[in-house]
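In: Here is my input; please provide its structure:
(chains A and B)
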Amino acid sequence: SQQGEEDPQALSIQEGENATMNCSYKTSINNLQWYRQNSGRGLVHLILIRSNEREKHSGRLRVTLDTSKKSSSLLITASRAADTASYFCATDPSLDGSARQLTFGSGTQLTVLP
Amino acid sequence: DGGITQSPKYLFRKEGQNVTLSCEQNLNHDAMYWYRQDPGQGLRLIYYSQIVNDFQKGDIAEGYSVSREKKESFPLTVTSAQKNPTAFYLCASSSRQTGEAFFGQGTRLTVV
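Out: Numbers count the residues shown, from 1 in each chain, chains lettered A, B, ... in the order given. Modelled structure (predicted):
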């Protein structure tokens, strides 16, 4: 079952603009993770936010988590053409955060136009 | 250097054949996973394994089988019982300490 659902499904912006993607989920989680996938490749881990955290930063990435609304957002600031990829959220419901059964959403396809 | 390796990158299968996809990791991770990805879709969990000689079915295990005889290896067999096997298959392993998953580069399986 796909617990995380990203919104929008596709997003097209100009280089230099900010990109915001949202993720909603259904059950309690230990943590929520964001991954990036370039076309035809494996996924690369971007950032993990734990259920007791509300915001986290990593370089140009900012992730927020609202457990009361069961939602998260990923903000990419000052986007570049190289940011073009699919972005997935993944939820980890395990009590110990061991990623026993990471559940992925269907992704947001981000296109950054030069 | 450490990582997770899938082979082959492309695989063609005739209808009625079984094929095995390889996944090897040298990250010393206990947990390993197989996911299936269809075009424009997210990842669906096929099987996962938390320790050697133990594995659990995911959401779409029918028509697939796995083994975990070694910590480093988690091969996936796509059997003839899988009616629609054409897809992109991703193997991953995860760190118990961080919960972060590391992915291989995937195997694209096509039935001809």
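
In: Give me the contacts around the host helix or strand of A:Thr64.
Out: If you go by DSSP states H and E, A:Thr64 is part of strand A:61-66. Residues from elsewhere that reach strand A:61-66 (C-beta atoms under 8 Å, 6 or more residues apart in numbering or on different chains): A:32, A:34, A:46-47, A:49, A:51, A:53-57, A:71-77. Where you see a C-beta, it was placed from the backbone N, CA and C, and this is true even at glycine.

In: Starting from whichever helix or strand comes after it, tell me which strands it pairs with and how they run.
Out: Proceeding N to C from strand A:61-66, the next assigned helix or strand is strand A:71-76, under DSSP H and E. Sheet pairing of strand A:71-76 (DSSP bridges) gives strand A:19-24 (antiparallel), strand A:61-66 (antiparallel).

In: Not counting residues beside it along the chain, what's closest to A:Pro8?
Out: A:Thr108 (6.1 Å; C-beta to C-beta, 6 or more residues apart in numbering or on different chains).

In: now swap in B:Ala31 and tell me
Out: Nearest residue to B:Ala31, sequence neighbours excluded (C-beta to C-beta, 6+ apart): B:Ser94, at 4.6 Å.

In: re earlier: just want to check the distance between the residue nearest to A:Pro8 and A:Thr84.
Out: In this structure, A:Thr108 and A:Thr84 are 12 Å apart, going by C-beta to C-beta, to the nearest Å.

In: quick one: which of these two has more around it?
Out: A direct count of neighbours by other C-beta atoms under 10 Å in any protein chain shown for A:Thr108 and A:Thr84 places A:Thr108 higher, at 22 against 18.

In: in the sheet, who's paired with that one?
Out: Per DSSP bridges, the residues bridged to A:Thr108 are A:Tyr87.

In: Tell me the confidence at it?
Out: For A:Thr108, the pLDDT comes out at 94.

In: what do you get for the one 5 residues further on?
Out: In this prediction, A:Leu113 carries a pLDDT score of 96.

In: Touching, B:Ser73 and B:Leu21? I think so.
Out: No: look at B:Ser73 against B:Leu21 with C-beta atoms under 8 Å: they stay out of range, at 11.4 Å.

In: of these two, who's got more company?
Out: B:Leu21 (23 against 14).

In: and the gap between the more buried one and chain A?
Out: 13 Å (C-beta to the nearest C-beta, to the nearest Å).

In: that older thread, please enumerate the shared neighbours of A:Thr108 and A:Thr84.
Out: By C-beta under 8 Å, 6+ apart, A:Thr108 and A:Thr84 have no common neighbours.

In: circling back to that earlier point, tell me the contacts of the residue nearest to B:Ala31?
Out: Applying C-beta under 8 Å, 6+ apart, the residues near B:Ser94 are A:98-99, A:102, B:29, B:31-33, B:100-102.

In: The same query, at a cut-off of 10 Å, please.
Out: Neighbour list for B:Ser94: A:45, A:92, A:98-100, A:102, B:25, B:27, B:29-33, B:48, B:50, B:100-103 [criterion: C-beta atoms under 10 Å, 6 or more residues apart in numbering or on different chains].

In: name the element the closest residue to B:Ser73 other than its chain neighbours belongs to?
Out: Among residues not flanking B:Ser73 along the chain, B:Glu24 sits closest, at 5.4 Å (C-beta to C-beta, 6+ apart). Assigned by DSSP H and E, B:Glu24 belongs to strand B:19-25.
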